Each structure stands twice: as C-alpha cells, then as structure tokens.
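Chemist: here's a sequence, model it:
(one chain, ligands or ions: 1)
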Amino acid sequence: MEENIIARAESLRREVEAVCRDAGRDPASVTVLAATKVQSAERVRAVLPFVDACGENRVQEFCEKYDAGAYAGKPVHFIGHLQTNKVKFLVGRCDLIQSVDSPRLAKAISDRAEALGITQEILAELNIGRDENKTGCLPEDLPELLAAVRVLPGLRLRGLMCVPPRGTPEETAPWFAKTRGIYETYTSEWGFDTLSMGMSGDWAAAIREGSTLIRVGTGIFGARI
Ligand SMILES: *Cc1c(COP(=O)(O)O)cnc(C)c1O
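Modeler: Presented below is the predicted three-dimensional model:
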C-alpha cells in the first residue's frame, strides 16, 4: 500500500515537470500540495519527500495530525470550509489558509493573528463557477472582500484559490482561465504570488492556464473510502 502511494507521488512529480516544460514554465514555479484529507499520519509521512506542502479540509483532522507530527515540518495549508469559531485552531499553525471567502472570516483570522503577534498568510477563495453547492466568494463580491482584507493588520493576502464545477479538463480549463484573469487584475497592486487551482483530474490543464499551486488527493493516495 505505502509503496503504491510513494510510486504515485514520485510519478506525479515527474509528470508535473514534463507538463511545465511543455507549457514553457519553470517546474519550480508550481507547488505540489498533497490533499491529505482522511489519510492517516503514516500515509501522509510516506509522501512528504515528493510534495511541497500538505492540505487539510477539516480543522479537527488538521489538529490531530499536526499534534501527531504527521507533517514533519512541511508547510501545511487549510483548504476546506472554515467556520469563524474554529479559526483559533489554525492561525499561527497553518502556513496558508486558502479558503477565506468572507469579510467576517477574514476579520476573525486577523483578530486571532494580532492577538498572537503574527501575520497569517491567506488566499481568497473564489466560487468562480457560481456553484450553489460550493463555498467561496462570488466574483462580484471579491472587491468587497479585498477592501476588508486591506485594512486588517493581521493578514497577508497572497492570491486566489478556486474549485470550479466538476468536469473534464476541457470543461474546467475556461474556469481556470477566468480565475487567472481576475488574479492578474490584482497581482501587481497586491504583490500576489499564489494562484491555487487544479486537482487530480485537471491539474495539467490548470498548469497550462497559469496555476502556481495544484492540490492533488486521489492522484496520490487513490480513491477515498
Ligand atoms: C479533496 C480536495 C482536493 C483534491 O481532490 P482530488 O480530486 O482527490 O485530487 C483539492 N482541493 C480541495 C479544496 C479538496 O477538498
């Protein structure tokens, strides 16, 4: 079992390099994040040499694995829906909170960071496909979220994250292109350096559309039970 995971993580790394070269991009410009939800600390540890970061979806699961030393010092991101009352468990321990989608959540994170005397790095999550079943800020609400973040002293906003509606890479590519367009509107003003898009089924399309961070779960660990 562990051997399969290691082999898949290794080959993912090689494939990412090949796609980057093919797209005329430096492989070092793409962060490979292992989406580690439901995976044991042991399985997480097995892939650490082949990935740049881990990402968790649930606060409690993050806390359990963090306390068990599962990430062994690798950067760990939060990529799931976050409630304001759970913010205290993440701020200062999680390297990047990718799923900030409201001024209220941004303020809760900033307040906690200020209380700890630190700056918390975040991404704004966009619901680019206006999917009713998904969280994330609607594109027309992004200016309001950015205006809120601008005056919050505890945050550093590094860019955007999106999870487009499910589909083939041909179907998700236009959503990635649209997200990249919005990202580029703000890049120089904000000093953005992180555009998080692409999962197991469509990470290659996302890299071709300018992603700087792909989030891969089943492509490394196999199907989640
Ligand atoms: C689970 C998850 C992923 C990885 O999904 P796979 O299809 O298993 O690669 C990526 N991003 C988010 C936000 C997730 O929740």
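
Chemist: contacts only, for the residue nearest to residue 23 when sequence neighbours are not counted.
Modeler: Spatial nearest neighbour of residue 23, excluding adjacent residues (Cβ to Cβ, 6 or more residues apart in numbering): residue 208 at 4.9 Å. No exception for glycine: its C-beta is placed from N, CA and C like everyone else's. Residue 208 makes contacts with 19, 23, 173, as judged by Cβ atoms under 8 Å, 6 or more residues apart in numbering.

Chemist: what residues does the chain put near the ligand?
Modeler: 35, 37, 57, 79-80, 163, 199-200, 215-219 (Cβ under 6 Å from any ligand atom).

Chemist: could you work out the most separated pair of these?
Modeler: 80 and 219 (18.2 Å; Cβ to Cβ).

Chemist: residues touching stretch 138-150, excluding its own?
Modeler: So stretch 138-150 is contacted by 100-103, 106-107, 122, 124, 126-128, 130, 137, 155, 157, 182, 186, 190 (Cβ under 8 Å, 6+ apart).

Chemist: repeat that with 10 Å
Modeler: If you take Cβ atoms under 10 Å, 6 or more residues apart in numbering as the criterion, stretch 138-150 is touched by 100-107, 109-110, 122, 124-130, 136-137, 155-157, 160, 162, 178-179, 182, 185-186, 189-190.

Chemist: so for it, what gets flagged as buried?
Modeler: Across stretch 138-150, burial judged by 16 or more other Cβ atoms under 10 Å covers 139, 141, 142, 145, 146, 148, 149.

Chemist: in helices only, show me the residues you listed.
Modeler: 142, 145, 146, 148, 149 (DSSP state H).

Chemist: could you export those to CSV, including columns for distance to residue 114 and pLDDT?
Modeler: Formatted as CSV, those follow (distance: Cβ to Cβ, whole Å; pLDDT from 0 to 100):
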residue, distance to residue 114, pLDDT
142, 24, 98
145, 19, 98
146, 19, 98
148, 15, 98
149, 14, 98
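
Chemist: out of the residues you listed, flag the one nearest to residue 52.
Modeler: Distances from residue 52 to those, taken by Cβ to Cβ, are shortest for residue 149, at 24.7 Å.

Chemist: which non-adjacent residue is nearest the one residue in the chain that gets nearest to the ligand?
Modeler: At 2.7 Å from the ligand, residue 217 is the closest residue in the chain, using Cβ to the nearest ligand atom. Ranked by Cβ to Cβ, 6+ apart and with sequence neighbours excluded, the top spatial neighbour of residue 217 is residue 35, at 3.5 Å.
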